[in-house]
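Engineer: what's the 3D shape of this:
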Amino acid sequence: MNFCLSFRRNSTKGLQANDSTGRLLKYDVRTNQVTVLMRNLSGAAGAAVSGDGRFVLVSEFIGNRIQRYWLTRSNAGTSEIILSNLNIVRPNNIKRTILGDFLIAAATVTQASQTPVPIRVRVDGSGTISEIVSLEAQYGSTPISEAQLSGLSVYVSSRGVNFVGVYSP
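Structural biologist: Sure, this is the predicted structure:
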C-alpha cells in the first residue's frame, strides 16, 4: 500500500484561507484503487507509516497538529490528535527514523522576538516528545520543510534555501 496527502497546489493561498480540504489517500497497487482515509485536513503536509504498519502519523501545517490514523486492530479507520500546539507551530514533513520514532520539521515562537524559528522535533508514535532542536543559528527565521535521519546524520532542508544542512554528532 502507498499513502499520500492531497493539499492545495498553492500553499500560500491555502494558508491565508485557513484551508482544510486536505486528504490522506491510500493507493492499492494491486487493484489500482484509491481510498480516502482522512478528510478535512488543515494544511496536510506530511505522512509517515509506523515501522509495524499499524498507523500513519499525519502533520497538519495550518492546523498546527499531528494526527495518528490507525490502519489495523480494533481501532482501524479511526484517528486521534496526538500533538497539538505545545509551542510547536507549522509542523511540516514527518519522517520515520530507523529507530522507529519520527522527526518533524516545524517551528517555534521565541519569547524574546515573537518570531517563528525552525526546529526539528523527535516524537514517538504516541506523540511523546523526546527531543526539540533549534535550528535558529543555522537558518535564522527561515522555515524548514524536512528533517531526515540517515545513519548518524540528520539532513535538513527548506523550500526557502538552495542547500541542505547536515548535522552530525
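Engineer: give me the helices and strands touching whichever helix or strand residue 58 is part of, please.
Structural biologist: Residue 58 belongs to strand 55-60 when assigned by DSSP states H and E. Under the contact definition 3 or more CB pairs under 8 Å, 6 or more residues apart in numbering; DSSP states H and E, strand 55-60 sits against strand 22-28, strand 33-41, strand 44-49, strand 65-70, strand 94-96. Quick note: C-beta positions are derived from backbone N, CA and C, even for glycine.
Engineer: tell me where the protein has helices.
Structural biologist: Using DSSP state H, the helices assigned to the chain run over residues 11-16, 136-139.
Engineer: go through the ones you listed and find the least confident stretch.
Structural biologist: With a mean of 56, helix 11-16 has the lowest mean pLDDT of the helices of the chain.
Engineer: ok, what's across the strand from residue 83?
Structural biologist: Assessed by DSSP bridges, residue 83 has beta-bridge partners residue 66.
Engineer: so it touches residue 125, yeah?
Structural biologist: No. The pair residue 83 and residue 125 fails to qualify as a contact (CB atoms under 8 Å) at a distance of 11.2 Å.
Engineer: ends of stretch 137-152, how far apart?
Structural biologist: Length of stretch 137-152, first residue to last, CA to CA, to the nearest Å: 21 Å.
Engineer: so what touches that stretch?
Structural biologist: 90, 92-93, 95, 97-99, 103-107, 115-118, 120, 135, 154-161, 165, 168-169 (CB atoms under 8 Å, 6 or more residues apart in numbering).
Engineer: hmm, 7 Å instead?
Structural biologist: The contact list for stretch 137-152 (CB atoms under 7 Å, 6 or more residues apart in numbering) reads 90, 92-93, 95, 97-98, 103, 105, 107, 115-118, 120, 135, 154-161, 165, 168-169.
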